[in-house]
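Q: when you get a sec, could you give me coordinates for this:
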Amino acid sequence: MAGVSPAAASNLAQQTPSPFSFSVASTRWSSRPSIHLSNVFLRFLALVFSFVSALSLAAVSPNKETQFTDYPEFIYCFIVSILSFIYSVFQLFKGICDIAHRGILMSDMISDYTSFILDQLVGYVLISSSSMAIPVIRHAQLTGSLWRAAITSTTISFVTSLIFATCTLLSGYKLCKRIIW
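A: Numbers count the residues shown, from 1 in each chain. A predicted model of the protein is given here:
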């Protein structure tokens, strides 16, 4: 840059884009951090798994003499799966709205606190419902279809609780980032 005036050099430096800046023409999906997209993906997985967990108990053939409603532990698992499904629907809707409309539904601070607390609560309740169903599966005289449905529901409920644990870690990261950094 020898022979270039200082005013022309500063003008040239202002025109050169930084490799760390993003284009104004970029889409909203690419301008959001990857933590939002991974959070939406995890919420979708929790939605699907909690639905399958509830459906596996509800879809036991009705012509058998024993149903899942004969056991209060399975009723608890079913109710917890339905509640986690409803919570996952809300969180998925909120995550998609946050990405598309930049947080119109709820403020970021309230969202971070609420998500962190409710993710822990739903994950704990899922674990407790799975742990309550295991002794009944082991010791009760269950028919073949109810036994398979109970095993499926309990296993998928446990996997859903692991997904909620991961969502809790992401919510905790966002909350700590808001509070500390």
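
Q: going forward, measure contacts between C-alpha atoms and count neighbours the same way
A: Noted.

Q: which parts of the longest helix belonging to the chain are buried?
A: Secondary structure assigned by DSSP state H gives helix 144-179 as the longest helix of the chain. For helix 144-179, the buried set under the neighbour-count rule, 16 or more other Cα atoms under 10 Å, comprises 145-168, 170-172, 174-175.

Q: most centrally placed residue in this structure?
A: Arg43 (2.7 Å; Cα atoms, centre = their mean).

Q: quick check: that one touching Phe93?
A: No - using Cα atoms under 8 Å, Arg43 is not in contact with Phe93, being 9.4 Å away.

Q: count the neighbours of Val125 for me.
A: 19 (other Cα atoms under 10 Å).

Q: could you list the low-pLDDT ranges of this structure?
A: Filtered on pLDDT under 70, the chain yields the residue ranges 1-33, 61-66, 103-104, 181.

Q: all helices for it, in order.
A: Going by DSSP H, the chain shows helices at 6-15, 28-31, 34-58, 72-101, 108-139, 144-179.

Q: next, the angle helix 34-58 makes with the fifth one.
A: Looking back up the chat, that one is helix 108-139. Relative orientation of helix 108-139 versus helix 34-58 (axes from the mean of the first three to the mean of the last three Cα atoms, to 10 degrees): 30 degrees.

Q: so which elements touch helix 108-139?
A: helix 72-101, helix 144-179 (3 or more Cα pairs under 8 Å, 6 or more residues apart in numbering; DSSP states H and E).

Q: again with the third one
A: Packed against helix 34-58 by the contact rule (3+ Cα pairs under 8 Å, 6+ apart) you find helix 72-101, helix 144-179.

Q: Ile117: which of those helices is closest?
A: Of all the helices and strands packed on helix 34-58, helix 144-179 sits nearest to Ile117, with 8.1 Å by Cα to Cα.

Q: who are the packing partners of that closest one?
A: Using 3+ Cα pairs under 8 Å, 6+ apart: helix 144-179 touches helix 34-58, helix 72-101, helix 108-139.

Q: quick one: closest of these to Ile180.
A: Per Cα to Cα, nearest to Ile180 of those: helix 108-139, 13.0 Å.

Q: for that closest one, buried residues please.
A: Applying 16+ other Cα under 10 Å to helix 108-139 flags 108, 111-112, 115-116, 119-120, 122-130, 132-134, 136-137 as buried.

Q: cool, stretch 75-93 as well?
A: Of the residues in stretch 75-93, 75-78, 80-85, 87-89, 91-92 count as buried by neighbour count, 16+ other Cα under 10 Å.

Q: nice, that's everything, thank you.
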